[in-house]
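Undergrad: Just to be clear, the model below is a prediction. Sequence and coordinates:
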Amino acid sequence: MTLIKLLGPAIVIATSLLVLASESSTPASVPPSVSGASNSREWLALFGLALDELDQMRDGSALAAHEQEVLWKVLYAVRRMYVPRRRPATSLERGAGEFPGRGREPSNFPRGGLVRLDGRLRAISVEKIHESLAPRFNIEQFFRCEIESRSSRQDDGGHGEIVIVYALRVPRQWLAATPHNEPVSCYGFWLKDELIPPAPAPVPVFAAYRVAWHPDVELGRLGMDVGLFDETKNRTAIGPLDRECFYSLLAAVGRASPDDWTRISQSASRDIVPLFNQPETQQGRLISLEGRARRALRLPVEDRDIVERFGIREYYELEVFTDDSQGNPLVCCVRELPPDMPIGSGIDEHVRVAGFFYKVWAYRRDATDDDDSTRGTVRQLAPLLVGRSATRIAPAPPERNVAAGAIAAVLFVMAMAGIWWGAWASGRSDGRVRETAPPSAP
């Protein structure tokens, strides 16, 4: 049996993610001097923005026509920084601070400074660029999000500061139904303080690649941006857009303590059929399954970006078959396994796993006939779940049949009684023979 057969889908996942990691860390089109950028302004300049134009923006007034063009240029630079195969802005995100908010001194916070914003969405609208200018900036539309920003300096009873975030990406569901008061976060580049009547004071304005959505569900409360599911595609191999969502899921489940994960798992559904039939409507759904693990492999994370951002150095992949999966595997990626769990292929362990449904993953596997001779490869579809841990279920002790035990005991007693009676009857018969025997001759 070949190594590919032994490793199965795990090697495909690991290889795909490693290739994507190498592509994201060494893009050919990123300027050679990009590694020398030390702050967000320098990054914007490296990706095509003239900083003197940014510095000419003025606070306390509406967004003028020339300032709108600066906004488009910033969004163009941000898009180049965040495209899936580059993502150089992730190093900036790790160093992003909290926006000073009201009362800040403008000289202490430069235009183009990057901050993390957390709060609640109050309103959203779609903004269009004139069709004659759209090709120039490679942007057809973007989104104006009004957010009530919260900071660590505000107590629970206070109100946050209203900010405006112009973003290139928002969750797809927001376009179908008007969202309101949704928990959100983003990394924004500060542009200016805009006066928007009838507001009594200027409002901070930011440019961002995307606004993350953390709805009031278990996955959202774990810090997951559920809008990342929009960037995955079911029934396909793992591609550049899948990487961010996959590792964000692994990071989210890792934020739960063992006790919290036990509590969360209790609300999981056990119906896996929709994962196969309607995966687009099931992403992010919490599933609990029980079955036989035929493979358990440890997969190290080689991508320095993921290690630094999420602290994920390894994870484990299980291939599980359940009673209702009709011979089809479910792939479960978890942060940890029980200490006594065997690792490798060809295992047969009874396990229970809870995880959030990620996508239906397509991969190539060997097709073999009954005598295990290779007949080529076939396309395999498998629901992929991401969870915190797996539980190994020990074999149940054989059930004691009380009725059968009682019958056996009665039969044993009867057998012993029969043996005793036979011995007693035999002894009595021998005595009678001796009494009736004729006396021996003298």
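TA: Good, I have the coordinates.

Undergrad: Number of residues surrounding Glu308?
TA: By other CB atoms under 10 Å, the residues close to Glu308 number 12. Glycine gets a C-beta too; all of them are placed from N, C-alpha and C.

Undergrad: The helix or strand hosting it - contacts with which helices or strands?
TA: Using DSSP states H and E, Glu308 sits within helix 304-310. Other helices and strands packing on helix 304-310, by 3 or more CB pairs under 8 Å, 6 or more residues apart in numbering; DSSP states H and E, are helix 9-25, helix 90-95, helix 242-254.

Undergrad: Could you give me the buried positions within that helix?
TA: Within helix 304-310, the residues that count as buried by 16 or more other CB atoms under 10 Å are Asp305, Ile306, Arg309, Phe310.

Undergrad: now those in TSV, with pLDDT and distance to Gly112?
TA: Formatted as TSV, the buried residues of helix 304-310 follow (pLDDT from 0 to 100; distance: CB to CB, whole Å):
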residue	pLDDT	distance to Gly112
Asp305	82	23
Ile306	87	27
Arg309	86	22
Phe310	91	26
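
Undergrad: Just give me the lowest mean pLDDT stretch among the helices and strands packed on helix 304-310.
TA: Per-segment mean pLDDT for these reaches its minimum on helix 9-25, at a mean of 48.

Undergrad: mind showing which ranges of the stretch 1-150 of the chain have poor pLDDT?
TA: 1-37, 84-89, 102-108 (pLDDT under 70).

Undergrad: Is it possible to get a markdown table of the buried residues of helix 304-310 that adds distance to Arg335?
TA: Output for those, formatted as a markdown table (distance: CB to CB, whole Å):
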| residue | distance to Arg335 |
| --- | --- |
| Asp305 | 18 |
| Ile306 | 13 |
| Arg309 | 15 |
| Phe310 | 11 |
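
Undergrad: ok, so of the residues you listed, who is nearest Gln282?
TA: Using CB to CB, Phe310 comes nearest to Gln282 of these, at 24.2 Å.

Undergrad: The closest one and Ala252 touch, don't they?
TA: No: the pair Phe310 / Ala252 is not scored as a contact, 9.4 Å apart, by CB atoms under 8 Å.

Undergrad: which residues are common contacts for these two?
TA: Counting by CB atoms under 8 Å, 6 or more residues apart in numbering, Phe310 and Ala252 have no common neighbour.

Undergrad: the helices in this protein, which residues?
TA: Applying DSSP state H to the chain gives helices spanning 3-7, 9-25, 40-46, 51-55, 65-82, 90-95, 134-137, 173-176, 218-221, 242-254, 258-265, 273-277, 304-310, 402-436.

Undergrad: Give the other helices and strands that the third one contacts.
TA: Secondary structure elements in contact with helix 40-46, counted by 3+ CB pairs under 8 Å, 6+ apart, are helix 51-55, helix 65-82.

Undergrad: May I see the buried residues of the last one?
TA: For helix 65-82, a neighbour-count test (16+ other CB under 10 Å) marks 67, 70-82 as buried.

Undergrad: helices or strands up against that helix?
TA: Partner elements for helix 65-82 (3+ CB pairs under 8 Å, 6+ apart): helix 40-46, helix 51-55, helix 134-137, strand 161-169, strand 182-194, strand 203-210.

Undergrad: cool, and the shortest one?
TA: Judged by 3+ CB pairs under 8 Å, 6+ apart, the packing partners of helix 51-55 are helix 40-46, helix 65-82.

Undergrad: Measure how the last one sits relative to strand 203-210, angle-wise.
TA: Comparing the axes of helix 65-82 and strand 203-210 via axes from the mean of the first three to the mean of the last three CA atoms, to 10 degrees yields an angle of 30 degrees.

Undergrad: Domain ranges for the chain, per the record?
TA: With domains defined by automatic domain parsing, the chain comprises 31-213, 242-392.

Undergrad: Any chance of those domains in TSV with distance to Val226 as columns?
TA: Shown next, in TSV, are these (distance: least, CB to CB, whole Å):
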stretch	distance to Val226
domain 31-213	6
domain 242-392	5
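
Undergrad: if I pick the spatially most central residue of the chain, what's in contact with it?
TA: Closest residue to the average C-alpha location of the chain: Leu249 at 1.8 Å, with CA atoms, centre = their mean. By CB under 8 Å, 6+ apart, the contact set of Leu249 is Met224, Phe356, Tyr358, Val386.

Undergrad: how near is the second one to Ala177?
TA: I take that to be Phe356. Using CB to CB, to the nearest Å, we find Phe356 at a distance of 22 Å from Ala177.

Undergrad: Need the mean per-residue confidence for stretch 205-215.
TA: 96.

Undergrad: Output the below-cut-off pLDDT ranges for the stretch 151-300 of the chain.
TA: Counting by pLDDT under 70, the stretch 151-300 of the chain shows low-confidence ranges at 151-159.

Undergrad: Pick out whichever of Phe356 and Ala177 has more residues nearby.
TA: Each of Phe356 and Ala177 has its neighbours counted (other CB under 10 Å); Phe356 has more, 25 against 7.
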